[in-house]
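Asks: need coordinates for the below:
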Amino acid sequence: PKGLEYLAQVDQLLIKQKVEALEAFTGFETNNKYEILNSLGQRIFHAVEDTCCCTRNCCGASRPFDMKILNNQNHEVIHLSRPLRCSSCWCPCCLQKVTVEAPPGKVAGYVCQSWSLCKPRMRIENAEGETVLRIKGPCCQLNICGDIEFDVYAPDEETYVGRVTKQWSGLGKELFTDADNFGISFPLDLDVNVKATLLGAVFLLDFMFFENNTKKDDKMKHDHH
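Replies: Down below sits the predicted model:
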């Protein structure tokens, strides 16, 4: 797909959240922004959440969102959309789903939460709805646990193919911010549509498991100091 040519050349990405000063010091939710870097630290894409202020502050991490992923020429190459779903993991009808379009208007795949009592589980589906990858996460998703790893498997759930890692920066760097950094690795020859969909999974993981957790941790750190 046009705009995804660069994804064919990489087997890992770093996703860094950019935190606005207003949000860091007032707790007022601003649009999430991210930089997507290659292994050399060069920016290849950037992402901007396209959600209204009221929705961000009233719905929190369970809010519906549209995420635009743009190249360095500011052309949108990937579009992510998630409808509003409550965040209860006890009800199968509340399971999360993100549609990944690349380019916008053409479905590349879907990120679907699988029902699970403890460990987070997701499916990466192609445009036809067939499962092409599975993601298994740990029971603990708190920042105090250090690096948090979500393993990526083939559909058989036995063949390991990659990993999504939430990187814990340490107390000093995260004292006044709730910035989330993720690393993602996958086979170099993985279909670019699947790579784009796996990238979409990182944003869903961030919203589902870290948007609230990190804010709670930061408030505790701030109160302590």
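Asks: which secondary structure elements does the helix or strand containing D151 contact?
Replies: Using DSSP states H and E, D151 maps to strand 148-153. Applying 3 or more C-beta pairs under 8 Å, 6 or more residues apart in numbering; DSSP states H and E, we find strand 148-153 packed against strand 131-136, strand 160-167. C-beta: built from backbone N, CA, C; applies to glycine.
Asks: of these, which approaches K68 most closely?
Replies: For the helices and strands packed on strand 148-153, the distance to K68 is smallest for strand 160-167, at 20.7 Å, taking C-beta to C-beta.
Asks: mind listing what the closest one pairs with, with the direction of each?
Replies: When pairing is defined by DSSP bridges, strand 160-167 lines up against strand 148-153 (antiparallel), strand 181-185 (antiparallel).
Asks: go through the strand holding D151 and flag the buried ones.
Replies: Buried residues in strand 148-153, defined by neighbour count with 16 or more other C-beta atoms under 10 Å: 148, 150-152.
Asks: may I see these organised as JSON lines, with distance to R123 and pLDDT added?
Replies: Shown next, in JSON lines, are the buried residues of strand 148-153 (distance: C-beta to C-beta, whole Å; pLDDT from 0 to 100):
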{"residue": "I148", "distance to R123": "20", "pLDDT": "85"}
{"residue": "F150", "distance to R123": "13", "pLDDT": "93"}
{"residue": "D151", "distance to R123": "14", "pLDDT": "95"}
{"residue": "V152", "distance to R123": "11", "pLDDT": "97"}
